[in-house]
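Asks: got a structure for you, letters missing:
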Ligand code: ZN
C-alpha cells in the first residue's frame with residue numbers, strides 16, 4: 001500500500017519538470033477524449049470546487065454562522081461538520097493545506113511546517129520554505145522558486161488525472177503555498193498573488209484572463225478604495241484594543257494609495273484579496289470550460305484574506321466581522337456564477353488551521369492566562385546559553401546567515417515548536433545539547449510539554465477521534481524524521497508564539513491546541529439533503545469523501561482519512 005504511493009510519488013517527481021513546462025500550455029478547453037478513460041461514475045458531479053478559507057476556525061464559524069446570508073448560508077444547507085480537525089500539532093498554512101486534498105497527515109505529506117531548518121543545506125540560508133526548490137540558486141525563503149518538490153504524496157487532482165487523463169486540476173489562491181499544496185505536482189492552471197498581481201510557476205506565461213485581472217488590480221491599487229461597509233451586527237465589535245504600539249479593533253479597510261503600508265499589501269490584508277481570487281476562479285471556470293469535459297475537474301480555491309486579517313487585527317474585532325461578512329457575500333456571488341455555468345458541481349469548504357485572538361483582547365474578554373511567548377524560548381537564544389554552559393566554541397553554520405552572525409548549536413522558527421540541533425556537532429555533543437535543551441524548555445513556565453524526536457518517532461501513528469489524541473500523538477501526526485527538529489516544545493494554552501505585536505501582525509496560530517486544530521468541514525451539492533454531524537471528523541477525511549463522490553479509485557492505504565457519508569439519507573456516499 002505504502003509502496004504504491006511511493007512509486008506514484010517518484011513518477012510524479014520525475015514528471016515534475018514536464019509538469020512545470022507543460023503548465024504554459026494550459027488546457028483552454030476540455031481535451032478530446034482520445035486517451036483511454038476509466039468510466040465516470042453515473043450521476044457524479046462534473047466539477048469539484050474545493051475551498052479553503054485560511055484560518056477559518058471552528059470558533060469563528062460558530063460565532064458568525066447565524067449572520068450568514070450569502071454563499072456560506074447556502075453551504076449551511078449541505079452536510080455540515082462543525083468539528084473538523086487538522087489533527088496534527090503543526091497547525092500552520094502549509095501543513096494544513098497539505099492535508100486537504102491528499103487525505104494524509106503532514107507526517108506523510110512531508111510538510112511539517114511553513115518553514116523548517118536544514119543546517120546541513122549547501123546554501124548559506126538554512127531555512128527552507130515549504131514550496132520552494134532550494135536547489136535553485138536563485139531561490140530563497142524571501143523570494144522562493146515555487147515548486148512542489150517537498151510534497152511527498154499525490155493530491156486528489158493528480159489521482160483524478162491518473163484515472164481520467166482528461167481531468168483538469170486547477171488551483172488559485174493569494175498564497176503560493178496554498179496553490180501548490182492543494183494542486184500538487186501536476187497542475188493545469190496555477191495562480192497566486194505576489195506583490196500586487198497574480199503570477200504562476202517560472203516559465204508559465206499568464207493567460208489573457210489573468211493579465212486582465214492584473215490590469216484591474218493595478219488600477220485599483222493606484223486609485224484606492226473607501227472604507228468598507230459595516231453590517232449592523234458588527235457594531236458591537238467596533239472597539240479599539242492596544243497591542244504594544246499597535247491599535248486594532250476598529251479598522252474598515254480603506255485602501256490608501258499613499259498609505260504607509262504598500263497598497264499591494266493593504267489589498268492582500270483585506271477582503272478585496274478574496275474577491276480577486278474568486279474573480280480569477282470564475283474566469284478560469286469560463287475560459288477552461290471546467291466541468292464540461294468528459295471527466296470530473298478539480299478546482300481548488302484557497303481564500304487567504306481571513307488569515308491575513310486574523311494575523312493583523314485578531315479574530316474578535318470589527319475587521320474580522322467585516323471580513324466574515326464579505327467572505328459570505330463574495331462566495332454567494334461566486335456560487336451564482338457556478339450556477340449560471342450550468343455545470344453540476346459539488347462544493348467542499350474547510351480550512352487549513354484555526355486561530356485565536358490577540359492576547360491583549362483575550363485578557364480583556366475572560367482569558368486572563370493569555371500571553372505572548374517569551375523571546376528567550378527561541379532556539380538561537382537557548383542554544384547560546386547551552387553552548388556557554390557546555391563550553392562548545394567550535395565554528396558552526398548560523399540559523400540566520402549574514403555578516404557578523406555567530407554560528408548556532410540550536411535553531412528554531414520562532415518560539416516553541418521544532419528545535420533543530422546542529423548536525424556539525426559530534427553525536428556526544430548533540431546528545432548533551434538535547435538533554436540541556438529539554439531541561440531548559442521543561443523548566444520554563446510557558447511550556448506545557450517537551451518531546452524528543454525519538455519519543456515522537458516511537459509513538460504509533462494516531463487513529464480515532466482527534467479530540468482525544470494526546471499531545472505527543474498530535475506531534476506524531478506532523479513529524480517527519482528527515483525534516484522535523486530533534487526536540488519539540490508545546491507552549492501552554494493561550495500563550496501566543498509571538499513575543500511582540502507589530503503592524504500587520506498581532507497574533508498567530510500553529511499551536512497544538514484545539515482552537516488552532518478545529519475547523520468547519522462542509523460538503524454541498526444542489527438538491528442534497530442537509531445534515532449536521534457534530535462528532536469530530538478530520539480534514540484527511542475530505543479527499544476520500546470527494547474521491548467517493550466522483551468514483552475515483554485510489555490504492556488502499558493512500559489516505560489516512562475515511563470517506564464520510566454526506567448524503568444525509570439512506571443512500572451512502574461511500575458505497
Ligand atoms: Zn493559514
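Replies: That came in fine, so what should we check first? Everything quoted here is computed from the prediction, not taken from an experiment. Residues are numbered from 1 along each chain as shown.
Asks: contacts, neighbours, all on C-alpha from now
Replies: Will do.
Asks: now the spatially most central residue of the chain, nearest residue through space, not along the chain?
Replies: Residue closest to the mean C-alpha point of the chain, counted by Cα atoms, centre = their mean, is residue 93 at 2.7 Å. Leaving out its chain neighbours, the residue that sits closest to residue 93 by Cα to Cα, 6 or more residues apart in numbering is residue 352, at 5.6 Å.
Asks: May I have the residues that are in contact with residue 425?
Replies: With contact set as Cα atoms under 8 Å, 6 or more residues apart in numbering, residue 425 has these partners: residue 409.
Asks: quick one: secondary structure of it?
Replies: Using DSSP: H, G, I helix; E, B strand; the rest coil, the structure places residue 425 in coil.
Asks: Buried residues in stretch 363-374, which are they?
Replies: Neighbour counts over stretch 363-374 (16 or more other Cα atoms under 10 Å) mark 370, 371, 372, 373, 374 as buried.
Asks: my read: the third one touches residue 500, true?
Replies: Yes. With contacts counted by Cα atoms under 8 Å, residue 372 reaches residue 500, the gap being 7.1 Å.
Asks: Could you report the pLDDT at the residue nearest to residue 93?
Replies: With respect to pLDDT, residue 352 scores 98.
Asks: Next, find the distance separating it from the ion.
Replies: Between residue 352 and the ion the distance, using Cα to the ion, to the nearest Å, works out to 6 Å.
Asks: Residue 215 now?
Replies: 27 Å.
Asks: count of residues packed around that residue?
Replies: 14 (other Cα atoms under 10 Å).
Asks: and the buried residues of stretch 363-374, which two are the farthest apart?
Replies: Checked with Cα to Cα, the buried residues of stretch 363-374 reach their widest spread between 370 and 374, with 12.5 Å between them.
Asks: Check which helix or strand residue 522 maps to.
Replies: Here residue 522 sits within strand 518-525, counting by DSSP states H and E.
Asks: isn't the residue nearest to the centre of the chain right next to residue 355, touching?
Replies: No. Residue 93 is not in contact with residue 355 according to Cα under 8 Å; the separation is 11.1 Å.
Asks: Helix, strand or coil: sort out the closest residue to residue 522 other than its chain neighbours for me.
Replies: Nearest non-adjacent residue to residue 522, counting by Cα to Cα, 6+ apart: residue 80, 4.6 Å away. Three-state assignment for residue 80 (three-state DSSP): strand.
Asks: what sits against the residue of the chain found nearest the ion?
Replies: Closest residue of the chain to the ion, Cα to the ion: residue 93 (3.4 Å). Counting by Cα under 8 Å, 6+ apart, residue 93 makes contact with 54, 113, 114, 177, 178, 352, 353.
Asks: My read is that the third one contacts residue 95, right?
Replies: Put plainly, it is residue 114. Yes. Using Cα under 8 Å, residue 114 is in contact with residue 95, at 6.9 Å.
Asks: Comparing those two, which residue is more hemmed in?
Replies: Legend: neighbour count by other Cα under 10 Å for residue 114 and residue 95, higher for residue 95 (31 against 19).
Asks: tell me the contacts of that one?
Replies: By Cα under 8 Å, 6+ apart, the neighbours of residue 95 are 106, 109, 111, 112, 113, 114, 352, 478.
Asks: and it, which of the three is it?
Replies: For residue 95, the assignment made with three-state DSSP gives helix.
Asks: tally of neighbours for the closest residue in space to it that isn't next to it in sequence?
Replies: Setting aside the residues directly before and after it, residue 95 is nearest to residue 111 in space (Cα to Cα, 6+ apart), at 5.0 Å. Neighbours of residue 111 under the rule other Cα under 10 Å: 32.
Asks: Okay then, goodbye and thanks.
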